[in-house]
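K.L.:
make a model of this:
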Amino acid sequence: MSTLAPNDKEKDSLLPKQETDLNPKPQSKIVFWKHFFRLLPKLHGSPRLLSWKGSLYPIILMLGIVIFNLWAGRMYGKVRGKFSRALLDYDIKMFYAALQFGIIHVSIFALTRVALLMTQELIAVVCRYYLVSTLHTQYVTDISGHESNMLYKMNHLDTRIPNPDQRIVSDANQLSILWAEVYSKTLEAPIQIVYYWGWTWQLLGWPAPFLILGFYVVIFIVTQFAMKTMMKSVFKQEKLEGDFRYAHVRLRTLAESVTLHQGADRERGHVQSLFGRVTKNRFVIILKGLVLEAISMVASFNSKIVAYGILGYYVFSTKHFEHAATPGKMVQMISDAIYAASTLANGFANILKMVARYSQFAGYVSRLGDFTQGVNELKECYNTPLYTGDHQPPAVIDTFTHLPALFHENQSLATTTTQTPTQTTSLADHVDQLSVHNLNVYTPMNERLLIQDLNFTLAPQESLLIVGPSGCGKSTLLRTLAKIWPYAKGTLLRPSSERLFFLPQTPYLTLGSLRDQLAYPDPGESLEDSEAKRVLDLVHLSENWLVRLDEIPSEGDWAQVMSPGEQQLVALARLLHHAPPWAIFDESTSALPVSLERELYHTILTHRITPISIGHRPSLAPFHYWMLNLGMHDSRTQWAFTRNPEHREMTTAVERRRRKGRRSFDTSASDEE
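P.N.:
Numbering: from 1, shown residues only. Okay, the predicted model is just below:
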């Protein structure tokens, strides 16, 4: 029962990360195949590579359709020969038989082609469903034993996977479409080649299929050089598209700041510059693709010419067709031979056509393979235990490790080795107190020690106010208490997540109705109207917002509808609904008037919620029993934990109000206390 969002001062960190390595080195074939076999079970929804639930079912389905399609194609190829023989031999019965044969088998062949295409589309949809579901599970999930999840780690602490949202939304879709096409063609083309190889051999003898093979081997060797450069350009294009998207998302999020600074011209120039790079690289891909497409199209259109050339040799230089009983029979044999040889050549041409698709497919495999590899390595970093043997503290139940600088800028993910974690923080969730012992908190990558050897213990109802200058580590300490900041070491004992609530300066408002906001993270249906009215009354929102309890704003986002102060009041109403014993405030009332802030703190204490607050207003001090002052340069540890001399003893007043059933205090009355 915890809600968490970054501080407003870090709004920019909410945005997708900009990709900086615009000239990635093509990954080796070994790395590609590792990524491919890691992704393949995810595409088919099975942990095993081959299983009835996973990839075997579509393989057998596609294989059955392909084989039936080959038989239907052979029957279709005989139609022209039957008509030619009937017309040349002037045989009316044979003509009617050919007509009946043609109608049936052409229709069957057309329907099997439709079935093949539909199956390919269905495989793409199903594969995308399984792949995205798996990626969602990896991306928006808790790390075992920790309050933090992979979503926070990848967007705020780790830089190895830029734009993870683009990879899930866009790259996974493209990969699924390409995989369905590659899947279909890779099954169809070899079977087609083997099938028509045998038929061509039967009709023309063994030299014919080998001559066709030799022609396409030469073409295939030429295409390999173009394919290597295409893969690099496709990978680069996705990075450039990510940067372009990042710039627009950032522009939309910070539109007000841009307008106030009159920076429209500069921002327009920036996004247009990025778009120019996207367009330039797209032209490069088009030119490289044009070479590949030209080679494949020339090979495809020449497939019949190759077949006619080989057939001409047999007609004019051998006596291969002299045993035909009639001219019509000889024409039928020639027609069947032309169809068999040209279809065999077309099978090789289809493989060449897929070369460009293979290069695009490899690019997406590389990006999503990097994603899954990064997730796995990130999990390993956070699951390295600190305490072993007899030295394990009895109250500590789990550990998480500091995230090292695994990857440096402009360095390829696939070629970088993981360093050993060096800092650890131990945590426990089964106590009803908050205590830290010898806690050291660092900036990312251990660049600077923010807090050294911090020690304090809070019992229930012992509130704490954390103060200090900007940059001294106040918000970072709260993230450490929330178990989402890994750059720390020491021991932390704290209540369970269900008993601890977090309120950031900028509240998180989920997509949904106002009822959903108040009940979050529980479903909105769990919140009764009477309870909604009660908590809205407590924060003075019921008059304007109770009638909109089940409304979903047309903008889709309550953050665009509510003022910053109203958003903070909704977060406080959410807190009062859940009423946990502990709550951590990161300047969570900074947008509220002082008088309303004081009244709400009275209400929070009335509900027996122990606040741990960050704030700069002097008006907060009377509501906190302890004070933690950070950034004290005249102290060795640079912190001081002391009894707050400004604390007002309000226990008696709070108990009196609770007995009377009142939920808030009058500001003037609280002053008299």
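
K.L.:
would you map the strands across the chain?
P.N.:
Secondary structure of the chain (DSSP state E): strands located at 398-401, 424-428, 434-442, 449-458, 464-467, 488-493, 500-503, 582-586, 610-614, 626-630, 639-643.

K.L.:
now for the last one, which elements pack on it?
P.N.:
The contact analysis (3 or more C-beta pairs under 8 Å, 6 or more residues apart in numbering; DSSP states H and E) places strand 639-643 against strand 449-458, strand 626-630. (C-beta placed from N, C-alpha, C; glycine too.)

K.L.:
which residues touch stretch 587-600?
P.N.:
7, 503-505, 507, 538-540, 563-565, 567-569, 571-572, 601, 613-617, 619-620, 623, 664-667, 670 (C-beta atoms under 8 Å, 6 or more residues apart in numbering).

K.L.:
show the end-to-end separation of that stretch, please.
P.N.:
Terminal residues of stretch 587-600 lie 14 Å apart, using C-alpha to C-alpha, to the nearest Å.

K.L.:
buried set for that stretch?
P.N.:
By 16 or more other C-beta atoms under 10 Å, the buried positions in stretch 587-600 come out as 587, 588, 589, 590, 591, 592, 596, 597, 598, 599, 600.

K.L.:
ok, the residue lying closest to residue 306 once chain neighbours are set aside - contacts?
P.N.:
Leaving aside its sequence neighbours, residue 306 sits nearest to residue 345 (C-beta to C-beta, 6 or more residues apart in numbering; 5.1 Å). Shown in contact with residue 345 (C-beta under 8 Å, 6+ apart): 212, 215, 216, 302, 303, 304, 306, 307.

K.L.:
in helices, which of the residues you listed appear?
P.N.:
212, 215, 216, 302, 303, 304, 306, 307 (DSSP state H).

K.L.:
make CSV out of those residues and add neighbour count and distance to residue 269.
P.N.:
Shown next, in CSV, are the ones in helices among the contacts of residue 345 (neighbours: other C-beta atoms under 10 Å; distance: C-beta to C-beta, whole Å):
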residue, neighbour count, distance to residue 269
212, 26, 56
215, 19, 52
216, 21, 50
302, 17, 49
303, 23, 51
304, 16, 53
306, 22, 54
307, 24, 57
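
K.L.:
okay, among the residues you listed, which ones form the most distant pair?
P.N.:
216 and 304 (13.7 Å; C-beta to C-beta).

K.L.:
low-confidence ranges, the stretch 1-150 of the chain, go.
P.N.:
1-28, 46-56, 141-149 (pLDDT under 70).

K.L.:
same thing but 90
P.N.:
1-67, 69-91, 113, 116-117, 119-120, 122-127, 129-150 (pLDDT under 90).

K.L.:
show me the helices in it, by range?
P.N.:
29-43, 56-88, 92-139, 150-152 (DSSP state H, counting those that start in this stretch).

K.L.:
please name whichever of those helices is nearest to residue 289.
P.N.:
Among the helices of the stretch 1-150 of the chain, the nearest to residue 289 by C-beta to C-beta is helix 29-43 (19.8 Å).

K.L.:
so where's the stretch 351-500 of the chain shaky on pLDDT?
P.N.:
351-435, 440-453, 461, 468-476, 478-500.

K.L.:
the residue minimising distance to the centre of the chain and residue 82, how far apart?
P.N.:
For the chain, the residue nearest the mean C-alpha position is residue 168 (3.3 Å; C-alpha atoms, centre = their mean). Counting by C-beta to C-beta, to the nearest Å, the gap from residue 168 to residue 82 is 54 Å.

K.L.:
what do you get for residue 586?
P.N.:
In terms of C-beta to C-beta, residue 586 sits 82 Å off from residue 82.

K.L.:
residue 462 now?
P.N.:
For residue 462, the distance to residue 82 - C-beta to C-beta - is 96 Å.

K.L.:
coming back round to it: pretty sure the residue nearest to the centre of the chain sits against residue 135.
P.N.:
Yes. Using C-beta atoms under 8 Å, residue 168 is in contact with residue 135, at 4.9 Å.

K.L.:
which residues do these two both contact?
P.N.:
residue 371.

K.L.:
hmm, back to that, now render the helices of the stretch 1-150 of the chain as CSV, adding distance to residue 358.
P.N.:
Putting the helices of the stretch 1-150 of the chain into CSV (distance: least, C-beta to C-beta, whole Å) gives the following:
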stretch, distance to residue 358
helix 29-43, 10
helix 56-88, 18
helix 92-139, 16
helix 150-152, 31
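
K.L.:
for the stretch 351-500 of the chain, which segments count as helices?
P.N.:
474-481.

K.L.:
now do the contacts for residue 38.
P.N.:
369, 372, 373.

K.L.:
measure the residue lying closest to residue 191 once chain neighbours are set aside to residue 177 for me?
P.N.:
Nearest non-adjacent residue to residue 191, counting by C-beta to C-beta, 6+ apart: residue 66, 5.6 Å away. Distance, residue 66 to residue 177, by C-beta to C-beta: 19 Å.
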